[in-house]
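Undergrad: Here is a sequence with its predicted model. Questions after.
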Amino acid sequence: EAGVTQSPTHLIKTRGQQATLRCSPISGHTSVYWYQQALGLGLQFLLWYDEGEERNRGNFPPRFSGRQFPNYSSELNVNALELEDSALYLCASSRDNSPLHFGNGTRLTVT
Amino acid sequence: GQQLNQSPQSMFIQEGEDVSMNCTSSSIFNTWLWYKQDPGEGPVLLIALYKAGELTSNGRLTAQFGITRKDSFLNISASIPSDVGIYFCAGTHGSSNTGKLIFGQGTTLQVKP
(Lines give C-alpha, C1' and ligand atoms only; values in the text may rest on other atoms or scores of the structure.)
Protein backbone atom coordinates (compact mmCIF):
# COMPACT_ATOMS: atom_id res chain seq x y z
CA GLU A 1 0.00 0.00 0.00
CA ALA A 2 1.43 3.36 -1.03
CA GLY A 3 1.94 5.88 1.74
CA VAL A 4 1.21 9.59 1.72
CA THR A 5 3.00 11.18 -1.23
CA GLN A 6 3.97 14.82 -1.51
CA SER A 7 5.31 16.90 -4.38
CA PRO A 8 7.59 18.55 -5.06
CA THR A 9 10.21 17.36 -2.57
CA HIS A 10 11.99 20.71 -2.77
CA LEU A 11 10.72 24.13 -3.83
CA ILE A 12 12.67 27.37 -4.05
CA LYS A 13 10.78 30.64 -4.35
CA THR A 14 11.53 34.31 -3.92
CA ARG A 15 9.82 36.60 -1.47
CA GLY A 16 6.41 37.74 -2.68
CA GLN A 17 5.84 34.77 -4.96
CA GLN A 18 3.22 32.04 -4.51
CA ALA A 19 3.90 28.40 -3.73
CA THR A 20 1.69 25.38 -4.39
CA LEU A 21 2.33 22.11 -2.59
CA ARG A 22 0.53 18.88 -3.38
CA CYS A 23 -0.43 15.81 -1.36
CA SER A 24 -1.95 12.43 -2.16
CA PRO A 25 -3.33 10.58 0.87
CA ILE A 26 -3.21 6.88 1.56
CA SER A 27 -5.88 5.07 -0.43
CA GLY A 28 -9.11 5.02 1.56
CA HIS A 29 -8.18 7.98 3.75
CA THR A 30 -10.60 10.88 3.51
CA SER A 31 -8.90 13.40 5.82
CA VAL A 32 -5.82 15.39 4.92
CA TYR A 33 -3.83 17.54 7.34
CA TRP A 34 -1.09 20.08 6.69
CA TYR A 35 1.66 20.91 9.18
CA GLN A 36 4.56 23.35 9.09
CA GLN A 37 7.88 22.29 10.60
CA ALA A 38 10.29 25.18 10.79
CA LEU A 39 13.97 24.43 11.43
CA GLY A 40 14.52 23.43 15.03
CA LEU A 41 10.85 23.65 15.88
CA GLY A 42 8.07 21.14 16.34
CA LEU A 43 5.18 20.61 14.00
CA GLN A 44 2.60 23.39 13.84
CA PHE A 45 -0.94 22.57 12.68
CA LEU A 46 -1.98 24.44 9.54
CA LEU A 47 -5.14 22.99 8.00
CA TRP A 48 -7.48 20.01 8.13
CA TYR A 49 -9.62 18.90 5.20
CA ASP A 50 -12.21 16.17 5.31
CA GLU A 51 -14.58 15.11 2.55
CA GLY A 52 -13.63 18.14 0.51
CA GLU A 53 -14.32 20.70 3.23
CA GLU A 54 -11.97 22.75 5.40
CA ARG A 55 -12.76 21.58 8.96
CA ASN A 56 -10.22 23.49 11.01
CA ARG A 57 -7.22 25.75 10.60
CA GLY A 58 -4.34 26.66 12.84
CA ASN A 59 -3.04 30.06 13.84
CA PHE A 60 -1.70 31.07 10.44
CA PRO A 61 -2.54 34.12 8.29
CA PRO A 62 -5.10 33.85 5.45
CA ARG A 63 -2.36 33.77 2.82
CA PHE A 64 -2.04 30.10 3.81
CA SER A 65 -4.92 28.32 2.11
CA GLY A 66 -5.71 25.07 0.43
CA ARG A 67 -8.30 22.74 -0.90
CA GLN A 68 -9.19 19.08 -1.12
CA PHE A 69 -10.25 17.52 -4.38
CA PRO A 70 -12.94 14.86 -4.97
CA ASN A 71 -10.24 12.16 -5.06
CA TYR A 72 -9.16 13.37 -1.55
CA SER A 73 -5.82 14.74 -2.73
CA SER A 74 -5.01 18.20 -1.49
CA GLU A 75 -3.15 21.38 -2.32
CA LEU A 76 -1.60 23.88 0.04
CA ASN A 77 -1.15 27.39 -1.35
CA VAL A 78 1.01 30.03 0.25
CA ASN A 79 0.65 33.53 -1.20
CA ALA A 80 2.93 36.53 -0.81
CA LEU A 81 5.78 34.37 0.46
CA GLU A 82 7.89 35.69 3.31
CA LEU A 83 11.36 34.57 4.34
CA GLU A 84 10.00 33.01 7.54
CA ASP A 85 7.76 30.72 5.48
CA SER A 86 10.86 28.64 4.77
CA ALA A 87 10.13 25.28 6.37
CA LEU A 88 9.31 21.63 5.80
CA TYR A 89 5.60 21.30 4.99
CA LEU A 90 4.21 17.94 5.99
CA CYS A 91 0.99 16.39 4.82
CA ALA A 92 -0.74 13.62 6.73
CA SER A 93 -3.84 11.56 6.12
CA SER A 94 -6.22 9.52 8.23
CA ARG A 95 -9.56 7.77 8.14
CA ASP A 96 -12.26 7.83 10.80
CA ASN A 97 -10.09 9.56 13.42
CA SER A 98 -7.32 6.97 13.11
CA PRO A 99 -3.75 8.17 13.87
CA LEU A 100 -2.16 10.42 11.27
CA HIS A 101 0.24 8.99 8.72
CA PHE A 102 2.71 11.51 7.32
CA GLY A 103 4.39 11.99 3.99
CA ASN A 104 8.05 12.97 3.65
CA GLY A 105 7.25 16.63 3.17
CA THR A 106 8.07 19.46 0.81
CA ARG A 107 11.07 21.57 1.74
CA LEU A 108 10.15 25.17 0.85
CA THR A 109 12.95 27.70 0.73
CA VAL A 110 12.11 31.39 0.31
CA THR A 111 14.97 33.66 -0.73
CA GLY B 1 -2.26 27.84 22.19
CA GLN B 2 -1.90 24.44 23.74
CA GLN B 3 1.65 23.33 24.40
CA LEU B 4 3.27 20.01 25.12
CA ASN B 5 6.45 20.13 27.12
CA GLN B 6 8.75 17.37 25.96
CA SER B 7 11.97 16.44 27.71
CA PRO B 8 14.80 15.98 27.45
CA GLN B 9 15.49 18.12 24.40
CA SER B 10 18.37 15.87 23.38
CA MET B 11 20.11 12.72 24.54
CA PHE B 12 23.48 11.21 23.68
CA ILE B 13 23.75 7.64 24.89
CA GLN B 14 25.83 4.51 24.48
CA GLU B 15 24.50 1.61 22.42
CA GLY B 16 22.73 -0.88 24.67
CA GLU B 17 21.52 1.70 27.17
CA ASP B 18 17.87 2.27 27.96
CA VAL B 19 16.23 5.60 27.10
CA SER B 20 13.34 7.44 28.67
CA MET B 21 11.60 10.60 27.50
CA ASN B 22 8.34 12.23 28.51
CA CYS B 23 5.72 14.80 27.67
CA THR B 24 3.61 16.89 30.00
CA SER B 25 0.73 19.26 29.51
CA SER B 26 -1.22 21.68 31.67
CA SER B 27 -4.47 20.37 30.20
CA ILE B 28 -6.08 16.97 29.73
CA PHE B 29 -5.43 15.00 26.57
CA ASN B 30 -7.65 12.25 25.15
CA THR B 31 -5.04 10.66 22.94
CA TRP B 32 -1.27 10.39 23.15
CA LEU B 33 0.86 9.42 20.18
CA TRP B 34 4.59 8.92 19.79
CA TYR B 35 6.31 9.50 16.44
CA LYS B 36 9.89 9.15 15.22
CA GLN B 37 11.33 11.33 12.48
CA ASP B 38 14.48 10.41 10.56
CA PRO B 39 16.42 13.08 8.61
CA GLY B 40 14.69 14.01 5.35
CA GLU B 41 11.59 12.02 6.15
CA GLY B 42 8.21 12.57 7.72
CA PRO B 43 7.29 11.39 11.23
CA VAL B 44 6.43 7.72 11.54
CA LEU B 45 3.90 6.53 14.12
CA LEU B 46 5.43 4.35 16.83
CA ILE B 47 2.73 3.94 19.45
CA ALA B 48 -0.82 5.25 19.98
CA LEU B 49 -2.46 5.45 23.41
CA TYR B 50 -6.17 6.02 23.96
CA LYS B 51 -6.97 5.40 27.64
CA ALA B 52 -5.60 6.79 30.88
CA GLY B 53 -3.18 4.31 32.44
CA GLU B 54 -2.75 2.40 29.18
CA LEU B 55 0.67 0.81 28.77
CA THR B 56 1.57 -0.32 25.26
CA SER B 57 4.67 -1.94 23.80
CA ASN B 58 6.02 -2.09 20.26
CA GLY B 59 9.14 -4.23 20.24
CA ARG B 60 11.76 -2.48 22.37
CA LEU B 61 9.50 0.54 22.77
CA THR B 62 7.05 1.02 25.63
CA ALA B 63 4.77 4.00 26.17
CA GLN B 64 2.24 4.89 28.83
CA PHE B 65 -0.74 7.24 28.98
CA GLY B 66 -0.53 8.97 32.36
CA ILE B 67 -3.30 8.48 34.91
CA THR B 68 -3.89 12.22 35.14
CA ARG B 69 -4.19 12.34 31.31
CA LYS B 70 -1.69 15.19 31.36
CA ASP B 71 1.46 13.24 30.61
CA SER B 72 2.98 10.34 28.73
CA PHE B 73 6.36 8.67 28.59
CA LEU B 74 8.27 6.61 26.03
CA ASN B 75 10.96 4.12 26.95
CA ILE B 76 13.38 2.47 24.55
CA SER B 77 15.23 -0.54 25.88
CA ALA B 78 18.67 -1.73 24.73
CA SER B 79 19.18 1.10 22.24
CA ILE B 80 20.78 0.41 18.85
CA PRO B 81 22.31 2.82 16.30
CA SER B 82 19.16 2.86 14.14
CA ASP B 83 17.23 4.36 17.06
CA VAL B 84 18.88 7.67 16.18
CA GLY B 85 16.36 10.33 15.22
CA ILE B 86 13.91 12.85 16.64
CA TYR B 87 11.08 11.53 18.78
CA PHE B 88 7.88 13.55 19.05
CA CYS B 89 4.99 13.17 21.42
CA ALA B 90 1.62 14.37 20.16
CA GLY B 91 -1.87 14.48 21.48
CA THR B 92 -5.44 15.53 20.99
CA HIS B 93 -7.78 16.98 23.56
CA GLY B 94 -11.42 17.90 23.81
CA SER B 95 -14.56 15.88 23.33
CA SER B 96 -14.98 16.56 19.62
CA ASN B 97 -12.62 15.85 16.76
CA THR B 98 -10.94 19.06 15.66
CA GLY B 99 -8.34 17.33 13.56
CA LYS B 100 -5.69 19.24 15.45
CA LEU B 101 -2.82 17.12 16.66
CA ILE B 102 -0.57 19.05 19.05
CA PHE B 103 3.12 18.16 18.99
CA GLY B 104 5.90 18.45 21.51
CA GLN B 105 9.18 20.06 20.50
CA GLY B 106 10.91 16.72 20.05
CA THR B 107 13.72 14.76 21.69
CA THR B 108 16.82 14.27 19.55
CA LEU B 109 18.43 10.91 20.26
CA GLN B 110 22.00 10.08 19.34
CA VAL B 111 23.41 6.61 19.95
CA LYS B 112 27.13 5.94 20.13
CA PRO B 113 28.09 2.49 18.86
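TA: Received, thanks.
Undergrad: quick one: is the lowest-mean-pLDDT helix or strand in chain B near chain A?
TA: Sorted by mean pLDDT, DSSP states H and E, the helices and strands of chain B end with strand B:102-103, the least confident at a mean of 92. Yes. Against chain A, strand B:102-103 shows contacts by CB under 8 Å from any CB of the partner chain at B:102, B:103. Using the backbone N, CA and C atoms, a C-beta is placed for each residue, glycine as well.
Undergrad: Off-centre distance for that strand?
TA: Its chain's C-alpha centre and that of strand B:102-103 lie 11 Å apart, by CA atoms, centre = their mean, to the nearest Å.
Undergrad: Equivalent analysis for stretch A:100-111, please.
TA: 7 Å.
Undergrad: List the buried residues in that stretch.
TA: Buried residues in stretch A:100-111, counted by 16 or more other CB atoms under 10 Å in any protein chain shown: A:100, A:101, A:102, A:103, A:104, A:105, A:106, A:107, A:108, A:110.
Undergrad: what pairs with the third one across the strands?
TA: With DSSP bridges as the criterion, residue A:102 is bridged to residue A:92.
Undergrad: Over to stretch A:54-68 now: how far is its first residue from its last?
TA: 8 Å (CA to CA, to the nearest Å).
Undergrad: contacts for it?
TA: The contact list for stretch A:54-68, computed with CB atoms under 8 Å, 6 or more residues apart in numbering or on different chains, reads A:31-32, A:34, A:36, A:44-53, A:74-80, B:1, B:98-100.
Undergrad: among the residues you listed, which are in strands?
TA: Judged by DSSP state E, the contacts of stretch A:54-68 include A:31-32, A:34, A:36, A:44-50, A:53, A:74-78 as members of strands.
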